[in-house]
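Engineer: Give the three-dimensional model of this entry:
(one chain, ligands or ions: 1)
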Amino acid sequence: MSKVLIIGAGGVGGVVVHKCSQVPDVFTNIVLASRTPSKCEKIKQQILKRRSANIETAGVDADKTPEVVALIKKHNPKLVINTALPYQDLTIMDACLETGVDYLDTANYEPPGEAKFEYKWQWAYQNKFKERGIMALLGCGFDPGVTNIFCAHAQKNHFDSIRTVDIIDCNAGNHGHAFATNFNPEINIREVTAKGKYWDKGKWVETEPMALHKTFEAPELGPMEIYLMYHEELESLCRNLKGLERIRFWMSFSQNYLTHLKVLQNVGMTGIDPIDFQGQKIIPLQFLKALLPDPASLGPRTKGKTNIGCIIEGVKDGKAKELYVYNVCDHEDAYKETDHQAISYTTGVPAFIGAMMMLQGKWKGQGVFNVEQLNPDPFMGELLVRGLPWIETVSFDT
Ligand SMILES: NC(=O)c1ccc[n+]([C@@H]2O[C@H](COP(=O)([O-])OP(=O)(O)OC[C@H]3O[C@@H](n4cnc5c(N)ncnc54)[C@H](OP(=O)(O)O)[C@@H]3O)[C@@H](O)[C@H]2O)c1
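Structural biologist: Numbering: from 1, shown residues only. Okay, the predicted model is just below:
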């Protein structure tokens with residue numbers, strides 16, 4: 001018997017509930033709770049149309065630790081899966097500590113008033129989780145998440161030492177809107193308007209937003225323009241990969257997306273400081289979020305594929321070696337299976353697999369973990385059969 005509590009009924013949470021309901025022998029009972037209970041009920045009904053499942057729904061404001069504590073005490077889950085926003089990470093971790101329940105999330109904590117994500121806030125929970133005898137698994141989506149696992153797999157099964165890693169996230173999906181973001185607009189725009197940063201020979205090198213770019217031939221997608229960005233997995237991977245000299249993260253954007261973003265930035269619509277508007281304080285980015293399409297509504301209209309993977313160079317048996325490991329995910333296939341497009345799917349499936357690893361005891365520990373610190377093999381095996389098959393190509397320098 002394993003009951004899970006999933007907090008956050010957006011695109012990612014929806015996929016996690018769908019996938020968990022496909023494996024009832026592991027996820028015998030599912031509780032889905034979120035700020036807007038009707039969204040939980042909608043997901044539950046979508047699933048019940050496909051199969052029977054033990055799903056309960058509830059309302060919760062996860063910014064308030066006592067509310068999360070009360071919810072955990074009421075349902076007594078083995079694991080809390082956080083698919084709400086990064087702002088709720090610490091309040092939910094506090095509730096897990098108080099109740100002695102394991103924790104998993106897909107995005108690292110970011111203070112609402114400062115567009116800066118860093119692991120320091122969550123890593124600071126290491127001793128508290130250890131002393132309480134419980135486990136927190138951080139960043140178990142695709143990137144971070146599967147990209148970290150790809151690196152752990154490379155380190156364990158392909159290399160004696162890894163020299164460089166380039167993580168490349170391409171999306172050739174088309175939703176037909178003039179402008180929309182594929183996941184929470186506020187989080188997405190904060191991420192892409194930040195300065196770029198990569199790790200080179202032990203130091204962080206900062207770049208202007210979107211300043212470094214190149215064309216990448218993505219398998220099954222074709223040529224994509226990719227832009228160097230800072231992304232949270234760089235912070236843990238530069239600590240956990242042996243011999244690493246350089247790690248960078250690249251993401252594809254269409255010219256149309258960048259032009260819209262530039263105009264919005266130029267007129268101040270992406271700001272996170274409150275402004276006075278007709279006697280009220282409003283945050284421009286939150287107002288913009290209210291105008292933009294809900295990412296969950298993009299599912300039925302998005303066509304095309306994503307390709308996310310890692311190009312890893314290093315040394316094996318004294319020879320220079322390169323590994324390219326990636327997954328291609330089709331937006332329409334993802335929608336057919338889970339009522340959500342590929343961005344939610346590629347995040348929700350790894351969260352579900354991570355939860356399964358923890359509930360089955362294949363991944364266990366006491367303290368706070370990034371996914372690359374755990375054995376990648378069972379997770380890589382599950383990816384192949386749970387909807388995110390990966391392909392790898394290897395070449396040796398002759
Ligand atoms: N690692 C990866 O690969 C990856 C990729 C994409 C996204 N992510 C992360 O996945 C998470 C979910 O993304 P998403 O696209 O599903 O976002 P979303 O569609 O905006 O969903 C977020 C959900 O959380 C709920 N929520 C927000 N604040 C809450 C609170 N205080 N209490 C309870 N519920 C609250 C929202 O409720 P309302 O409906 O009431 O607003 C919404 O249902 C985000 O943290 C995002 O950064 C990770």
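
Engineer: switch to C-alpha atoms for all contacts and neighbour counts from now on
Structural biologist: Will do.

Engineer: check contacts around the residue nearest to Glu332 when sequence neighbours are not counted.
Structural biologist: In space, and not counting its chain neighbours, Glu332 is closest to Lys303: 5.8 Å by C-alpha to C-alpha, 6 or more residues apart in numbering. Residues counted as contacts of Lys303 (C-alpha atoms under 8 Å, 6 or more residues apart in numbering) are Gly173, Asn174, His175, Asp330, His331, Glu332.

Engineer: and if you look at Pro219?
Structural biologist: Shown in contact with Pro219 (C-alpha under 8 Å, 6+ apart): Asn307.

Engineer: ditto for the one 10 residues further on
Structural biologist: Met229 is in contact with Val192, Ala194, Lys195, Gly196, Lys197, Tyr198, Pro209, Met210, Arg248, Phe249, Trp250, Met251, counting by C-alpha under 8 Å, 6+ apart.

Engineer: Is the last one in contact with Leu228, as I believe?
Structural biologist: Yes: taking C-alpha atoms under 8 Å as the definition, Met251 is a contact partner of Leu228 at 6.6 Å.

Engineer: distance of the spatially closest residue to Leu285 that is not a sequence neighbour from Val16?
Structural biologist: Among residues not flanking Leu285 along the chain, Thr270 sits closest, at 4.6 Å (C-alpha to C-alpha, 6+ apart). Distance from Thr270 to Val16, counting by C-alpha to C-alpha, to the nearest Å: 29 Å.

Engineer: Neighbour count: the two, which is higher?
Structural biologist: In terms of neighbours (other C-alpha atoms under 10 Å), Val16 is the more surrounded of Thr270 and Val16; the figures are 26 against 23.

Engineer: and the host helix or strand of that one, does that touch the ligand?
Structural biologist: Take DSSP states H and E as the rule and Val16 turns out to sit in helix 11-21. Yes: under the criterion of C-alpha under 6 Å from any ligand atom, the ligand is reached by helix 11-21 at Gly11, Val12, Gly13.

Engineer: roughly how far out does that helix sit from the chain middle?
Structural biologist: In terms of C-alpha atoms, centre = their mean, to the nearest Å, the centre of helix 11-21 is found 13 Å from the chain centre.

Engineer: Over to stretch 112-124?
Structural biologist: Taking the mean of its C-alpha atoms, stretch 112-124 sits 15 Å from the chain's own mean (C-alpha atoms, centre = their mean).

Engineer: go on, stretch 106-117?
Structural biologist: Centre to centre, stretch against its chain (C-alpha atoms, centre = their mean), the figure for stretch 106-117 is 13 Å.

Engineer: contacts for that stretch?
Structural biologist: When contacts are defined by C-alpha under 8 Å, 6+ apart, stretch 106-117 is touched by residues 82-83, 85-90, 118-119, 121-122, 138-141, 144-145, 190-191, 194, 232, 272-273, 347, 351.

Engineer: the more surrounded of Met251 and Leu228?
Structural biologist: Between Met251 and Leu228, counting by other C-alpha under 10 Å, Leu228 is the more crowded of the two (26 against 21).

Engineer: any idea how far Met224 is from the closest residue to the more buried one other than its chain neighbours?
Structural biologist: Among residues not flanking Leu228 along the chain, Trp250 sits closest, at 4.4 Å (C-alpha to C-alpha, 6+ apart). Separation of Trp250 from Met224 (C-alpha to C-alpha) stands at 11 Å.

Engineer: OK, contacts around the residue lying closest to Gly222 once chain neighbours are set aside?
Structural biologist: Among residues not flanking Gly222 along the chain, Phe216 sits closest, at 8.0 Å (C-alpha to C-alpha, 6+ apart). Phe216 makes contact with Gly222, Pro223, Met224, Glu225, Ile226 under the criterion C-alpha under 8 Å, 6+ apart.

Engineer: ok, now Lys197?
Structural biologist: By C-alpha under 8 Å, 6+ apart, the neighbours of Lys197 are Trp204, Val205, Glu206, Thr207, Leu228, Met229, Tyr230, Arg248.

Engineer: Give the helix, strand or coil label for it.
Structural biologist: Using DSSP: H, G, I helix; E, B strand; the rest coil, the structure places Lys197 in strand.

Engineer: which residues of the protein fall in helices?
Structural biologist: 11-21, 37-48, 65-75, 89-99, 120-123, 126-132, 146-157, 185-192, 233-240, 255-266, 284-291, 331-338, 342-359, 376-385 (DSSP state H).

Engineer: do you know which of those helices lies nearest Ile311?
Structural biologist: Among the helices of the chain, helix 146-157 comes nearest to Ile311, with 9.3 Å by C-alpha to C-alpha.

Engineer: The closest one - contacts with which helices or strands?
Structural biologist: strand 161-171, helix 233-240, strand 305-316, helix 376-385 (3 or more C-alpha pairs under 8 Å, 6 or more residues apart in numbering; DSSP states H and E).

Engineer: again, only this time at 7 Å
Structural biologist: If contacts are counted by 3 or more C-alpha pairs under 7 Å, 6 or more residues apart in numbering; DSSP states H and E, helix 146-157 sits against helix 376-385.

Engineer: Which positions within the helix it packs on qualify as buried?
Structural biologist: Pro376, Phe379, Met380, Glu382, Leu383 (16 or more other C-alpha atoms under 10 Å).

Engineer: returning to that earlier point: neighbour-wise, which of Trp250 and Met224 wins?
Structural biologist: Set Trp250 next to Met224 and count neighbours by other C-alpha under 10 Å: Trp250 wins out with 24 against 19.

Engineer: Provide a list of residues in contact with the more buried one.
Structural biologist: Ile167, Ile168, Asp169, Ile226, Tyr227, Leu228, Met229 (C-alpha atoms under 7 Å, 6 or more residues apart in numbering).

Engineer: Repeat the analysis, applying 8 Å as the threshold.
Structural biologist: Trp250 makes contact with Asp166, Ile167, Ile168, Asp169, Ile226, Tyr227, Leu228, Met229 under the criterion C-alpha under 8 Å, 6+ apart.

Engineer: Nearest to Pro24 among those?
Structural biologist: Looking at these and their distance to Pro24, the nearest is Asp169, at 31.8 Å (C-alpha to C-alpha).
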